[in-house]
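Student: The following block contains a protein sequence and its predicted model.
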Amino acid sequence: MSNSKQLLNEVTGMETGVHGQYKSWFLDYASYVILERAVPAIDDGLKPVQRRILHAMKEMDDGRLNKAANIIGQTMQYHPHGDASIQDALVNLGQKDLLIDTQGNWGDNRTGDDAAAPRYIEARLSKFALEVAFNAKTTEWQLSYDGRKKEPVSLPMKFPLVLAQGAEGIAVGLSTKILPHNFNELIDASIKYLRGKKFELFPDFQTGGMADASLYNEGKRGGRIRCRAHIEELDKKSIVIRDVPYGVTTTQLMESIVKANDQGKIKIKKVVDNTAAQVEVVVELAPGISPDITIDALYAFTDCEVSIAPNACVIVEQKPLFLSVSELLKISTDRTRELLKKELEIKLAELQDQWHYSSLEKIFFEEKIYKELEKKHATWDKVIEAIAAAFEPFLKKLKRGINRGDILKLTEKPVRRIYKLDIDELNEKIRGIEKEIKDTRNNLNNLVDFAVAYFENLKSKYGANRKRKTELKPFDVIKARQVAIANARLYVNRSEGFIGTGLKKDEFITECSDLDDIIAFTRRGQMKIVKAGDKVYIGKDIIHVAVFQKNDERLTYNMIYTDGETGVAYAKRFNVTGITRDKIYDLTRGHEKSKVNYFSVNPNGEAESVSITLSPNSSARNKNLEYYFEELEIKTRTAIGNQVTKYPIRSVKIKDAGVSTLGALNLWFDDAFGRLNTEEKGEWLGSFQPDEKILVVFQDGSYEITDTELNQRFDVKQIVLIEKFNPEKLITAIYRDMDKLQFNVKRFRIETTTLHSRFLFVKEGEGNMLEAVTTVDKPVVSIKSGRGQQARTTKVKLDGFVEVMGWKAVGNKLADYTKSTEIEWIHKPESPQQELF
């Protein structure tokens, strides 16, 4: 064995060698990072640097603001790292707006702006922090890193702070990500837990936005929460983003939008950040671009939507532990209850000491035992003994014995106090102490009620301005392929069998996106679906190329082909809904000499008639035939088809375009997402032919005629009525006229034909808004006014009350407006979709 190998074996085999040292040092380092830097403790929800900052601020606290630089310097007595880490942690605490009151520029977590230098900004502990986080009597102490000072092992936190603030940290071998929750909801959940009731917790972010917490999994590993910004349509040329998702700044958001535009996934003119007190990022659209599709594309391709994976890890008894948010809240609430119990026990002991001394004081002066001080005793010890002996007859009035310290304390009273003593005042003091003792014992015996009252008090004092900022709602699934803007041009070389976006010298087919699938058919009767690319081989003699729409059951292909083996011609109609990409599908009987004689694409299942000319050399008597595709059923692509002729075909030409053989399109409106759909989700709107439209009436007294495009977005909060549009139907509308303080009613027909434009049909004015609307023929309305015994209800048949007028007319007065007036329809709507309001 060589000397080097022998040395290596010796080194790696020894516990004190490199292997052993690496194992020991790495574990020490990992433990240090986990316990002392990255992961918060369950006891107070704080990391060590945060705890040291708060402790240093408590030492400095005099009610006034302190320079952040001074706070950092004070904290460095306890924190063994540099000032930069303390500064970052201090700014982070200040931005959470819970434990620290701040003054100056502390940065903005919405825009990503940094805080000003520590010498320019100030802070102090908030009243909330002083109430819930500090109590020297219940705090466990330890020496600081250099042994010169004492610092808390953990603060006596009487609040689920780790859930209110959230926490994030990366350690060695693990990480933690606890999302912030709403202040008031945490208190409500703590109260429910103390009462033995069930509770649920969901994140709430300072940045606002929307969140889909359906997969939150109580914040445990494996859970996920989707966060979105609120996006509104300003007009047909621009949209505005009103907030940002959690963890995203406006700068990052704008960069992601520009990147998506550069990649061709969206088309915009420019994006402008107008953020001030509120987030406002304006996106101006390119000409001809749909705002609805762009909003979906922003969610699909930019940081307007982010997915967050929570991972709640905390330090419990010097070990990292993965818990759910409900478990975190239960542990925190139990600790709060125990701290309250400990405080009550300490208070009770202090009150008992006060009662004991006050009672001694009362006896001392009331029974004139103090005169023993005037007698001449040999020594001071004899004086103490004489006073102790004088108390002997009164020991039954006390709750514990008298010690030397009690007597010494009595003798320290100044002589003038003896002459001014007010026995009645002392009796009143004892009665007050006895009441406090009784209340304290009652609180200890009813600790749950006391803890509930404590939390309720926190909510009443500090919860008024802490309403939920993040809207919880389920999100619809946005398919990126459906909302991607066409950023490429598709070409085909039919003879050589190639398609692609790079064949710019060949025949142009359509615009597409790089996310699209392309479907192609060849003269041989084969079909293939491929991903859009620069140059993709399909097969020679291509007869049709298009962007593939998956699961489109209305798009129908009509085809006549000749079987290469038998020479028999077949006709078939089929859909292509789902396939395997890059696989060749044979639509004929499979012979290599089979060929397609006729092929058509029909978006709504149209069935044309065709003229067929047979070969002149065929033995058929009649060489001109007509064939009607409407006689064929739509089957699968693997069907052979129906026989057309056994003779050779020379040509097939279309004779009549024909009409759709499919039923009308059934549409539903899903008010959970504000979307049209064909999956029977929500309320059925009706069966629609291709040229039929939808009527939407809004709360502000406007209406819009729109098509049946499924990519449209509707603001459910603004919609009063949505139904299939019938231009012959009368609309009956009741609205508030705040100028004259009355309700007006009008009946009118829709006279406009412009799609996707809103038309105001109520009188313009501040506060004017729609109260009720319907499209039934003979509406009857109930008007209830007044309250109590003076309440009066009137029924009005509106078809006789008001004549049909133009959509711009003001209408007739129906009733006076008061806040207590209630208006509702009492007729039965003709169909489910005719009345939503």
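Tutor: Structure's in. What do you need? Residues are numbered from 1 along each chain as shown.

Student: how about the lengthiest strand in the chain: buried residues?
Tutor: Longest strand in the chain by number of residues, with DSSP state E as the criterion: strand 649-660. Going by neighbour count (16 or more other Cβ atoms under 10 Å), the buried part of strand 649-660 is 649, 652, 658, 660. C-beta coordinates here come from the backbone N, C-alpha and C atoms, glycine included.

Student: do stretch 330-347 as well
Tutor: Here stretch 330-347 shows 330-333, 335-337, 339-341, 343-344, 347 as buried, counting by 16+ other Cβ under 10 Å.

Student: pLDDT averaged over it - what is it?
Tutor: Stretch 330-347 shows a mean pLDDT of 95.

Student: With just CA atoms, put that stretch into PDB.
Tutor: Provided in PDB are the C-alpha atoms of stretch 330-347 (Å, rounded to 0.1, in the frame of the first residue of the first chain):
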ATOM      1  CA  LYS A 330     -53.600  26.400  18.700                       C
ATOM      2  CA  ILE A 331     -50.100  26.400  20.100                       C
ATOM      3  CA  SER A 332     -49.900  30.200  20.200                       C
ATOM      4  CA  THR A 333     -53.300  30.500  21.800                       C
ATOM      5  CA  ASP A 334     -52.400  27.800  24.400                       C
ATOM      6  CA  ARG A 335     -49.200  29.700  25.200                       C
ATOM      7  CA  THR A 336     -51.200  33.000  25.500                       C
ATOM      8  CA  ARG A 337     -53.600  31.300  27.900                       C
ATOM      9  CA  GLU A 338     -50.600  30.000  30.000                       C
ATOM     10  CA  LEU A 339     -48.900  33.400  30.000                       C
ATOM     11  CA  LEU A 340     -52.200  35.100  31.100                       C
ATOM     12  CA  LYS A 341     -52.500  32.400  33.900                       C
ATOM     13  CA  LYS A 342     -48.900  33.100  34.900                       C
ATOM     14  CA  GLU A 343     -49.500  36.900  35.000                       C
ATOM     15  CA  LEU A 344     -52.700  36.300  37.100                       C
ATOM     16  CA  GLU A 345     -50.800  34.100  39.500                       C
ATOM     17  CA  ILE A 346     -48.000  36.700  39.900                       C
ATOM     18  CA  LYS A 347     -50.600  39.400  40.400                       C
END
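
Student: Show me which pair in the buried residues of strand 649-660 is furthest apart.
Tutor: In the buried residues of strand 649-660, two members sit farther apart than any others by Cβ to Cβ. They are 649 and 660, at 26.4 Å.

Student: picking that back up, can you name every helix or strand that the longest strand of the chain contacts?
Tutor: Helices and strands touching strand 649-660, by 3 or more Cβ pairs under 8 Å, 6 or more residues apart in numbering; DSSP states H and E, are strand 556-562, strand 595-602, strand 606-614.

Student: on that earlier part again, could the buried residues of strand 649-660 be laid out in JSON lines, adding pLDDT and distance to residue 208?
Tutor: Converted to JSON lines, the buried residues of strand 649-660 look like this (pLDDT from 0 to 100; distance: Cβ to Cβ, whole Å):
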{"residue": "649", "pLDDT": "94", "distance to residue 208": "67"}
{"residue": "652", "pLDDT": "94", "distance to residue 208": "62"}
{"residue": "658", "pLDDT": "80", "distance to residue 208": "54"}
{"residue": "660", "pLDDT": "80", "distance to residue 208": "47"}
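
Student: tell me which of the residues you listed is nearest to residue 169?
Tutor: Residue 169 lies nearest to residue 660 out of the buried residues of strand 649-660, by Cβ to Cβ, at 61.0 Å.

Student: So that closest one sits against residue 629, correct?
Tutor: No. Residue 660 is beyond contact range of residue 629, at 11.5 Å (criterion: Cβ atoms under 8 Å).

Student: shared neighbours of those two, which are they?
Tutor: residue 607 (Cβ atoms under 8 Å, 6 or more residues apart in numbering).

Student: Going by neighbour count, list what's buried in stretch 210-230.
Tutor: Using 16+ other Cβ under 10 Å as the test for burial, stretch 210-230 gives 210-213, 216-220, 223, 225-229.

Student: biggest helix in the chain, by residue count?
Tutor: If you go by DSSP state H, the chain has its longest helix at helix 325-366.

Student: Tell me which other helices or strands it touches.
Tutor: For helix 325-366, the packing partners by 3+ Cβ pairs under 8 Å, 6+ apart are helix 161-165, helix 183-194, helix 404-411, helix 423-445, helix 447-462.

Student: which outside residues touch the next helix or strand after the shortest one?
Tutor: It refers to helix 161-165. Once the chain leaves helix 161-165, the next helix or strand it forms, by DSSP states H and E, is strand 167-170. Residues outside strand 167-170 that contact it (Cβ under 8 Å, 6+ apart): 37, 38, 39, 40, 45, 47, 175, 176, 177, 178, 314.

Student: Could you find the closest non-adjacent residue to residue 279?
Tutor: Counting by Cβ to Cβ, 6 or more residues apart in numbering, residue 243 is the residue found nearest to residue 279 once chain neighbours are left out, at 4.8 Å.

Student: give me every residue that touches the one you found.
Tutor: Contact analysis of residue 243 by Cβ under 8 Å, 6+ apart lists 110, 207, 208, 209, 229, 230, 278, 279.

Student: rewinding a little: want to try JSON lines for the buried residues of strand 649-660, with distance to residue 393 as columns?
Tutor: Below are the buried residues of strand 649-660 laid out as JSON lines (distance: Cβ to Cβ, whole Å):
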{"residue": "649", "distance to residue 393": "133"}
{"residue": "652", "distance to residue 393": "129"}
{"residue": "658", "distance to residue 393": "121"}
{"residue": "660", "distance to residue 393": "113"}
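
Student: low-confidence ranges in the stretch 501-650 of the chain?
Tutor: For the stretch 501-650 of the chain, no stretch has pLDDT under 70.

Student: what do you get for the chain?
Tutor: For the chain, the stretches flagged by pLDDT under 70 are 1-30, 32-33, 35, 367, 370, 374, 377-378, 413-422, 827-837.

Student: what about the residue nearest the centre of it, distance to residue 796?
Tutor: Per Cα atoms, centre = their mean, the C-alpha nearest to the average position across the chain is that of residue 211, at 1.1 Å. Distance from residue 211 to residue 796, counting by Cβ to Cβ, to the nearest Å: 45 Å.
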